[in-house]
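>>> Kindly generate the corresponding structure for this input.
(4 chains)
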There are 2 protein chains.
Amino acid sequence: MNSLARIDWIAKVPGLDRLDGEARALIATRTPLVQVPKGGHAFAAGTECSSYLVVVTGCVRVQLIAENGREIVLYRVRSGESCVLTTSCLMTRAPYGAEAIAEDDVVAAALPGETFRALLASSATFRDFVLAAYADRVADLILTMEDAVFHRIDRRLARLLLARSMAAVTATHQELAAELGSAREVVSRQLKSFEKQGLVVLSRGRIDIVDRARLVRLADEAD
Amino acid sequence: MNSLARIDWIAKVPGLDRLDGEARALIATRTPLVQVPKGGHAFAAGTECSSYLVVVTGCVRVQLIAENGREIVLYRVRSGESCVLTTSCLMTRAPYGAEAIAEDDVVAAALPGETFRALLASSATFRDFVLAAYADRVADLILTMEDAVFHRIDRRLARLLLARSMAAVTATHQELAAELGSAREVVSRQLKSFEKQGLVVLSRGRIDIVDRARLVRLADEAD
DNA sequence: GGCCGTTTGTGACAAGGTCACCGACGCTGC
DNA sequence: GCAGCGTCGGTGACCTTGTCACAAACGGCC
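Numbering: from 1, shown residues only, chains lettered A, B, ... in the order given. Predicted coordinates for the structure are as follows:
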């Protein structure tokens, strides 16, 4: 971590690189970098939740989990993005069933509360950064909501496959279902149907897309 | 409006009343109060969207609308709350299908962009206000999402009826369906079933709750 | 009363979620 | 090789929810 802190990581983080010099200096001196190993919970019980987290490298997946085990992915937090959920979580004390899970080994900057407040007071560029982060998250949430509540599962699955692949997707049906907030059986059936239509070829843990054009047409159909 | 502006409305708005004197003075002098009549769109096309809106009196309903006409209510904005969606909308330019509709005659304070930025720079209490507003909205969104994606319609409807009523709810089945993001027929069927179980009595535009205790039990059942 | 728009009821069907259970695959250790 | 085991995928039955088409009931208003 020390070796990481010594190089100017701030310049390499999209968003943070646009901060003014003073803010960057403050962050560089006052902000510990924390690491979360792949699969680890980024802000589950126990983590000190009193800081404003900005992802430096890696990707964090934020998802809802129901009591019966069903899941849905709300959004992902990547380099230069901030998990505003953490902050909201602190401020409102509402314990919703959301989890943040590291999809790779993640390095994040953890701005302590006082540093966060000091930066907000002193730096216009930092304020813009924070507000933009919130705006993006809210937009993500609403898009996810719209998709989950209004759209058919076949379109959503088609879009997910397209978004995830060059030619093939490496994922279990269970993982795809959790992404969409659906059930494994539903995804399995839908994929079988795609296979019958000649859109994909299925094998264990892997979906090969053989007719991308038609899959795109399916994904784009109005509804 | 002038007569409204002359009295110290700020003191009466929850949240804003905790701002420091300087911030209150700035808001009082620089912020026009705008009115939206009942049923009007609070930030649809045409409204100057470049300001930060805080509701003074009345209630604004924010909802998603699908192409096929289905709707779902995301959250409501009441006195002292801010529709951060507006701000997000500005910043990200993502045109999602969200609408804000006045449920009563609404009066809102429209902080112009420069005033908003000036207050953020000068007032710690204002910053807290804005961040808290965001946090609340995000929490609302996530709770709504959890409910819509994971929970059964009978529980959700029961809870909605309970939340809306002392003894009776005045609403059409269509309105209840739009609140929940479901379809009118589904709500009608469900209400009929409630009636058969002796929980409610139905009449046109009105649902009378006759066995509140059992309705509560239904709403609280795990699932 | 008759007309008209709104609200509610209903049956048939499609889509999606749940449950139970099985079989197929891939790995590990022998 | 192969036996055992855990994960992954397939399937049928059934239930809930959403969609469609239409009809009946209600409440105002001439």
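>>> Put the alpha carbons of stretch A:154-167 into PDB.
Output of stretch A:154-167 as PDB, limited to C-alpha atoms (Å, rounded to 0.1, in the frame of the first residue of the first chain):
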ATOM      1  CA  ASP A 154     -36.200 -12.400 -23.000                       C
ATOM      2  CA  ARG A 155     -35.200  -8.900 -24.000                       C
ATOM      3  CA  ARG A 156     -33.400  -8.300 -20.800                       C
ATOM      4  CA  LEU A 157     -31.500 -11.600 -21.100                       C
ATOM      5  CA  ALA A 158     -30.600 -10.900 -24.700                       C
ATOM      6  CA  ARG A 159     -29.300  -7.400 -23.800                       C
ATOM      7  CA  LEU A 160     -27.300  -8.900 -20.900                       C
ATOM      8  CA  LEU A 161     -25.600 -11.400 -23.100                       C
ATOM      9  CA  LEU A 162     -24.800  -8.800 -25.700                       C
ATOM     10  CA  ALA A 163     -23.400  -6.400 -23.100                       C
ATOM     11  CA  ARG A 164     -21.200  -9.100 -21.600                       C
ATOM     12  CA  SER A 165     -19.700 -10.700 -24.600                       C
ATOM     13  CA  MET A 166     -17.400 -10.400 -27.600                       C
ATOM     14  CA  ALA A 167     -18.300 -13.900 -28.800                       C
END
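>>> Contacts made by that stretch with the rest, please.
With contacts defined as C-beta atoms under 8 Å, 6 or more residues apart in numbering or on different chains, stretch A:154-167 is touched by A:147-148, A:169, A:171, A:176, A:179-180, A:187, A:190-191, A:193-194, A:199-200, A:207-209, A:212, A:215-216, A:218-219, A:221, A:223. The C-beta positions use only the backbone N, C-alpha and C, and glycine is treated the same way.
>>> buried subset of those residues?
Buried by 16 or more other C-beta atoms under 10 Å in any protein chain shown: A:147-148, A:169, A:171, A:176, A:179-180, A:187, A:190-191, A:194, A:199-200, A:207, A:209, A:215, A:218-219, out of the contacts of stretch A:154-167.
>>> which of those are close to DNA strand C?
A:Gln190 (C-beta under 7 Å from any atom of the strand).
>>> In strands, which of the buried ones among the contacts of stretch A:154-167 appear?
Among the buried ones among the contacts of stretch A:154-167, the members found in strands (DSSP state E) are A:Val169, A:Val200, A:Ile207, A:Ile209.
>>> now the second one, which residues is it bridged with?
Listed by DSSP bridges, the beta-bridge partners for A:Val200 are A:Ile209.
>>> Please look at it and A:Lys192 and confirm they touch.
No. Using C-beta atoms under 8 Å, A:Val200 makes no contact with A:Lys192, being 9.7 Å away.
>>> could you list every residue that touches the closest residue to A:Leu111 other than its chain neighbours?
Excluding the flanking residues, the one nearest A:Leu111 by C-beta to C-beta, 6 or more residues apart in numbering or on different chains is A:Tyr52, at 4.3 Å. Residues near A:Tyr52 by C-beta under 8 Å, 6+ apart: A:Ser82, A:Thr86, A:Thr87, A:Ala110, A:Leu111, A:Gly113, A:Phe116, A:Val130.
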